[in-house]
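A.B. asks: no sequence on this one, just coordinates:
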């Protein structure tokens, strides 16, 4: 049987807007295209000292 639920998925992250309004932030940005999820003040590549990465080490049991 097919589940014919009347509930449909609604993305909770999408804002509720009035008719005619657009939920586009790149129109108010200084850059065209998608905005960085890291913010506009971060430049890549980062120096290696600023990265919180620790390389894993495998110890072989002999």
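C.D. replies: Cool, got the structure. Since the structure is predicted, the reported quantities are computational estimates derived from the model, not experimental observations.
A.B. asks: for the residue nearest to the spatial centre of the chain, what are its contacts?
C.D. replies: Centrality entry for the chain: nearest residue to the mean C-alpha point is residue 37, 5.3 Å, by C-alpha atoms, centre = their mean. Counting by C-beta atoms under 8 Å, 6 or more residues apart in numbering, residue 37 touches no other residue. For glycine as for every other residue, the C-beta is placed from the backbone atoms N, C-alpha and C.
A.B. asks: Now do it against residue 7, distance only.
C.D. replies: Look at residue 37 and residue 7: by C-beta to C-beta, to the nearest Å, they are 30 Å apart.
A.B. asks: Same check on residue 55?
C.D. replies: In terms of C-beta to C-beta, residue 55 sits 47 Å off from residue 7.
A.B. asks: What of residue 34?
C.D. replies: For residue 34 relative to residue 7 (C-beta to C-beta), the value is 31 Å.
A.B. asks: quick one: which of those two has more around it?
C.D. replies: Neighbours were counted for residue 34 and for residue 7 using other C-beta atoms under 10 Å; residue 34 has more, 9 against 5.
A.B. asks: quick one: low-confidence ranges for this structure?
C.D. replies: By pLDDT under 70, the weakly predicted segments of the chain are 1-6, 10-11, 24-29.
A.B. asks: Show me the helices in it, by range?
C.D. replies: Along the chain, counting by DSSP state H, no stretch forms helices.
A.B. asks: Could you report the neighbour count for the closest residue to residue 14 other than its chain neighbours?
C.D. replies: Of all residues beyond its chain neighbours, the one nearest residue 14 is residue 23 (6.6 Å), with distances taken as C-beta to C-beta, 6 or more residues apart in numbering. For residue 23, the neighbour count with other C-beta under 10 Å is 8.
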